[in-house]
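Student: Have a look at this prediction, sequence included:
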Amino acid sequence: MTGIVGIPAVLLYLLLAIVVVYLAIRYARKSGRSAKRWGWGAVLVMYLIPFWDWLPTVATHHYYCSKDAGFWVYKTVDQWKAENPGVMEMLVANKGAPSKTTYSGNGYTTTFFLNSRFNWVVEKTGPFPVHRYAWQQKLVDSKNGEVLARYVDFSTGENQKFPGEPPIKFWLQSKHCSSGERYQGLMGQFNANFRGVQK
């Protein structure tokens, strides 16, 4: 839906930009000013109106991805089994992926109850400056609150007014850090080891 509206809007803006640049050059020539300066000035202004936040968004996303994103295992399956003998074999996976979502001022937390012992916690916070969102997933031992593994990722440019729809500034959208999908896959594989028996 957004694409149907977005493409004509982009084309209309491009046409408007061409007209503005043409009028700026024409005005400069008539008034004895530098047509080159006025033309490039108009180009710069028309470029910055939609794209002023593109470089800050990309730079900030790259910075936080390289600084904070990743996948960490704090306790392996074998380590947990050794500390809790016989428990893993007794775990039964919950049917229908029961979950609970709580909302805060700047995001939400969804807890998926994998079985009687393990919860998969997904947190989203933001937006932070320049269209940035932080994502965190944790596998938690519900008996003692111990985090066995954690995955952190960042996204940018989501549509705040219409969640799930493509953003108006589609060029700002990045769903993951460069290794985010791989880390997300590793988190999913790790969680699968703790789901329990399917019944």
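Tutor: Nice, thanks for sending it over.

Student: does Thr110 really touch Val121, like I thought?
Tutor: Yes: applying C-beta atoms under 8 Å as the test, Thr110 and Val121 come out as touching, 7.5 Å apart. Where C-beta positions appear, they are placed from N, C-alpha and C, glycine not excepted.

Student: what helix or strand does the most centrally placed residue in the chain sit in?
Tutor: Central residue of the chain (C-alpha atoms, centre = their mean): Ser155, 2.0 Å from the mean position. Using DSSP states H and E, Ser155 sits within strand 146-156.

Student: contact partners of that strand?
Tutor: Strand 146-156 is contacted from outside by 57, 60-61, 64-65, 68-75, 80, 130-141, 172-177, 180, 183-184, 186-187, 190-191, 194, using C-beta atoms under 8 Å, 6 or more residues apart in numbering.

Student: tell me which residues of that strand are tucked away?
Tutor: By neighbour count on 16 or more other C-beta atoms under 10 Å, the buried set for strand 146-156 is Leu148, Ala149, Arg150, Tyr151, Val152, Asp153, Phe154, Ser155, Thr156.

Student: in stretch 45-58, what's buried?
Tutor: So for stretch 45-58, counting by 16+ other C-beta under 10 Å, buried means Met46, Asp53, Trp54, Thr57, Val58.

Student: quick one on the thing from earlier: JSON lines for the buried residues of strand 146-156, including distance to Ser31 and pLDDT?
Tutor: Listed next are the buried residues of strand 146-156 as JSON lines, based on distance: C-beta to C-beta, whole Å; pLDDT from 0 to 100:
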{"residue": "Leu148", "distance to Ser31": "71", "pLDDT": "97"}
{"residue": "Ala149", "distance to Ser31": "67", "pLDDT": "97"}
{"residue": "Arg150", "distance to Ser31": "62", "pLDDT": "97"}
{"residue": "Tyr151", "distance to Ser31": "60", "pLDDT": "97"}
{"residue": "Val152", "distance to Ser31": "56", "pLDDT": "97"}
{"residue": "Asp153", "distance to Ser31": "53", "pLDDT": "97"}
{"residue": "Phe154", "distance to Ser31": "48", "pLDDT": "95"}
{"residue": "Ser155", "distance to Ser31": "48", "pLDDT": "92"}
{"residue": "Thr156", "distance to Ser31": "42", "pLDDT": "90"}
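
Student: Thank you kindly, that will do.
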